[in-house]
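In: Any chance you can model this:
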Amino acid sequence: MSATGDPSGPPPDSSAVAEVVDLVSALIRFDTSNTGELATTKGEAECARWVIEQLEEVGYTTEYVESGAPGRGNVFARLPGADSSRGALLIHGHLDVVPAEAADWSVHPFSGAVRDGYVWGRGAVDMKDMVGMSLALARQFRREGTVPPRDIVFAFLADEENGGKWGSQWLVEHRPDLFDGITEAVGEVGGFSLTVPRQDGSDRRLYLVETAEKGLGWMRLRAKARAGHGSFLHEDNAVTILARAVARLGTHTFPLVVSDSVAEFLAAVSEESGLEFDPAGPDIEGRLAKLGTISRIIGATLRDTANPTMLSAGYKANVIPQTAEAVVDCRVVPGRQAEFEREVDELIGPDVEREWITKLDSYETTFDGHLVDAMNAAVLAHDPNGRTVPYMLSGGTDAKAFAKLGIRCFGFAPLRLPPELDFTALFHGVDERVPVESLEFGTRVLEHFLLHS
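Out: Just a heads-up that it's a prediction; the model follows:
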């Protein structure tokens with residue numbers, strides 16, 4: 001019977017749904033800005049210890065681990081399942097966020113403000129929404145004595161926004177025992193809805209499950225030449241050499257490559273919408289644009305990318321420097337690493353050195369099996385108009401680290417989104433926010449999934 005006494009009414013919200021907004025708001029209020037530098041990154045330990053308080057309050061035994069440096073806090077908690085002989089399921093989320101300039105925002109980025117139907121703040125979608133949903137359900141399960149089908153390991157991690165060097169990558173290398181018995185993992189940047197028009201005039205919500213990630217590499221380019229006076233004729237100039245190389249690389253179009261995950265996504269969208277997405281066609285980018293803002297991600301998964309992001313040279317206006325450097329953000333389609341590096345070397349030429357600052361492999365798994373079936377069933381239980389489809393993420397997540405241990409990884413942080421919301425622009429963007437209704441929906445879907453995984 002419903003709270004109003006109407007037996008046909010909706011059941012009352014679970015405790016997880018009731019508290020998820022407050023938990024996400026509280027998480028955002030911890031400024032866990034990750035600058036990429038140990039000396040200036042802050043807040044992770046304080047946030048991690050708060051997470052511990054929330055877990056231990058309901059009876060969990062937790063383990064706090066600092067991953068290679070003071071303050072890089074990680075939290076682990078295990079919920080025993082009915083069949084502990086089955087491989088355990090890892091539910092992981094990162095506590096760090098990218099920095100934010102408060103002057104650019106409509107609200108303070110670390111206020112966790114709840115207004116106009118949204119929870120606002122840095123991390124609202126990347127990824128304190130999923131952290132809050134996971135924490136709410138972990139608390140509910142323990143409080144109510146819920147026994148899931150298999151062991152669930154909840155992990156709240158540091159340093160994802162810097163490639164996991166002082167987080168998941170360090171943990172996998174130095175504390176693999178934390179992941180003993182885990183066979184599958186679920187994390188961020190998947191499970192959100194994309195509304196597409198159908199041929200009959202109706203709409204269909206596709207819920208994108210991440211089954212693949214491009215490789216992530218941050219590359220430093222360096223040119224060296226003779227230093228000299230800025231007033232002289234000087235053909236051997238490190239700045240000029242580097243600038244030419246950066247321009248060639250930054251404007252280069254790498255060849256189109258369609259992985260299995262991308263091909264399945266395009267086939268599903270074609271089936272629903274009636275639009276043709278032929279990757280070999282002359283205007284695949286133009287056709288993808290019809291999907292709206294998600295085309296930013298999908299288009300980037302069709303090719304390798306190498307985007308210059310940082311330049312450094314010189315120390316005085318009238319001195320030609322001996323060295324000039326640039327940093328390039330490289331994202332590589334699965335199976336393309338060797339060919340990508342060969343093309344880069346041709347583009348930058350023999351006078352420019354390159355080295356990897358960070359180099360993380362690509363990842364791809366298939367869209368099948370019991371866990372995928374459980375995701376689809378969970379979505380359909382709460383959105384009969386939904387359909388789960390695989391896709392490739394153009395960025396990277398902590399899944400890159402866990403895949404090294406043979407763990408099968410997916411991105412599934414379910415959110416039913418308003419079709420007009422430019423969701424992809426919110427990742428690392430100004431006025432990052434997540435709809436309250438999406439959080440509540442996602443918590444219900446995630447609960448169903450975990451109870452049937």
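In: Any idea what the nearest residue to T61 once chain neighbours are set aside is bridged to?
Out: Closest residue to T61 apart from its sequence neighbours, by Cβ to Cβ, 6 or more residues apart in numbering: A77 at 7.1 Å. Using the backbone N, CA and C atoms, a C-beta is placed for each residue, glycine as well. Counting by DSSP bridges, A77 is bridged to T62, F154.
In: how many neighbours does A77 have?
Out: The tally of other residues near A77 (other Cβ atoms under 10 Å) stands at 21.
In: residues touching it, list them.
Out: A77 is in contact with L55, Y60, T61, T62, E63, A138, V153, F154, counting by Cβ atoms under 8 Å, 6 or more residues apart in numbering.
In: Determine whether the claim that the second one is in a helix is correct.
Out: In other words, Y60. No. Under DSSP: H, G, I helix; E, B strand; the rest coil, Y60 sits outside any helix and is assigned coil.
In: my guess is it contacts A138, does it?
Out: Yes. The pair Y60 / A138 is scored as a contact, 7.2 Å apart, by Cβ atoms under 8 Å.
In: More neighbours: which of the two?
Out: Ranked by neighbour count (other Cβ under 10 Å), Y60 and A138 place A138 first, with 23 against 20.
In: Now do stretch 30-39, average pLDDT.
Out: Averaged over stretch 30-39, pLDDT sits at 96.
In: Distance from that stretch to the middle of the chain?
Out: 17 Å (Cα atoms, centre = their mean, to the nearest Å).
In: Start and end of it, how far apart?
Out: Taking Cα to Cα, to the nearest Å, stretch 30-39 runs 18 Å from one end to the other.
In: what's the most distant pair in the contacts of A77?
Out: Farthest apart among the contacts of A77 by Cβ to Cβ are E63 and A138. That separation is 14.1 Å.
In: what packs against the host helix or strand of L242?
Out: In this structure, L242 sits in helix 238-250 according to DSSP states H and E. Applying 3 or more Cβ pairs under 8 Å, 6 or more residues apart in numbering; DSSP states H and E, one finds that helix 238-250 contacts strand 215-224, strand 305-313, strand 323-332, helix 337-348, strand 352-360.
In: Kindly reformat the ones you listed as TSV and extend each row with mean pLDDT, distance to P70 and mean neighbour count.
Out: Output for the helices and strands packed on helix 238-250, formatted as TSV (pLDDT from 0 to 100; distance: least, Cβ to Cβ, whole Å; neighbours: other Cβ atoms under 10 Å):
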stretch	mean pLDDT	distance to P70	mean neighbour count
strand 215-224	97	24	20
strand 305-313	97	27	16
strand 323-332	97	26	21
helix 337-348	98	34	16
strand 352-360	96	21	16
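In: Any chance of those in a markdown table with distance to A245 as columns?
Out: Below are the helices and strands packed on helix 238-250 laid out as a markdown table (distance: least, Cβ to Cβ, whole Å):
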| stretch | distance to A245 |
| --- | --- |
| strand 215-224 | 6 |
| strand 305-313 | 10 |
| strand 323-332 | 8 |
| helix 337-348 | 4 |
| strand 352-360 | 5 |
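In: closest to G250 out of those?
Out: Nearest to G250, of all these, is strand 305-313, at 4.7 Å by Cβ to Cβ.
In: For the closest one, C-alpha coordinates in PDB please.
Out: Extracted C-alpha coordinates of strand 305-313, given in PDB (Å, rounded to 0.1, in the frame of the first residue of the first chain):
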ATOM      1  CA  THR A 305      43.100  12.700 -31.700                       C
ATOM      2  CA  ALA A 306      46.200  14.700 -30.800                       C
ATOM      3  CA  ASN A 307      45.300  18.100 -29.300                       C
ATOM      4  CA  PRO A 308      48.000  20.500 -28.200                       C
ATOM      5  CA  THR A 309      47.100  21.800 -24.800                       C
ATOM      6  CA  MET A 310      50.300  23.500 -23.400                       C
ATOM      7  CA  LEU A 311      53.200  25.600 -24.700                       C
ATOM      8  CA  SER A 312      56.300  26.700 -22.900                       C
ATOM      9  CA  ALA A 313      59.400  28.600 -24.200                       C
END
